[in-house]
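>>> After the sequence you'll find the predicted model.
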Amino acid sequence: HIASLLKNVEIDDSDQPLSAAIEQSYTRRDWPKDFVQRVAAHVMAELERNEHFRKALDLQSDFKLDEAIQELREHAKMRPNDADARQLMVLILQQRKQWAQLIEITTKALARRPYNATYYSTRARAYRELQILEPALTDARKALELNPKSEEVQKLVTQIEDDLKQAGSTSPAKDGAQQK
């Protein structure tokens, strides 16, 4: 909604602060001054809260992943429930192959949104990368239950089932039993 508020702002002077431009533009509409000031304050606060997120996006696109994570952590202090920021953090952790942290982040996200198939499939992939296959399969099946038409998740379930079969056929106990 910030963009819709800003589309009506006219900046007469390039050195003019944005808050002043907002107040000036909305005052021209004969809106009450206190309302205009509240709108300007709200817009400025939203822009400030989103500054860390914008920086994180830029840093991520420049592959400055450590710095991007720091900006996202700062952003999370002001907006702890921002799904876009959480998704960017997930993407960065995947790029860095930080599977344990990815599991931690998606577990927290699932506590807030327990019916999100994407979080389950993301966590399943992270478990799979760490070769923690039983929880990987549980999460993949839950993702498929929540999103039964997803071919990608169905493929993930099959891959993890195959991983488990392969791990079961090469386990030390079975190898020892076969040698006797």
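Happy to help now that I have it.

>>> pLDDT score assigned to the residue nearest to Gln60 when sequence neighbours are not counted?
Closest residue to Gln60 apart from its sequence neighbours, by Cβ to Cβ, 6 or more residues apart in numbering: Ala68 at 4.3 Å. From N, CA and C alone the C-beta is placed, and that goes for glycine too. The model reports Ala68 with a pLDDT of 83.

>>> contacting residues around Ala68?
55-57, 59-60, 88, 92 (Cβ atoms under 8 Å, 6 or more residues apart in numbering).

>>> now swap in Trp99 and tell me
Here Trp99 is in contact with 93, 126-127, 129-130 (Cβ under 8 Å, 6+ apart).

>>> do Gln154 as well
Leu144.

>>> same question, Ser121
Contacts of Ser121 (Cβ under 8 Å, 6+ apart): 139-140, 143, 150, 152-153, 156.

>>> List only buried entries from those residues.
Among the contacts of Ser121, those buried by neighbour count (16 or more other Cβ atoms under 10 Å) are 139-140, 143, 150, 153, 156.

>>> What about those, which are in strands?
Using DSSP state E, no member of the buried ones among the contacts of Ser121 sits in strands.

>>> Can you tell me which of these is nearest Lys77?
Asp139 (28.4 Å; Cβ to Cβ).

>>> quick revisit: for the contacts of Ala68, pick the one with the most neighbours.
For the contacts of Ala68, the largest number of neighbours (other Cβ atoms under 10 Å) sits with Ala56, at 25 neighbours.
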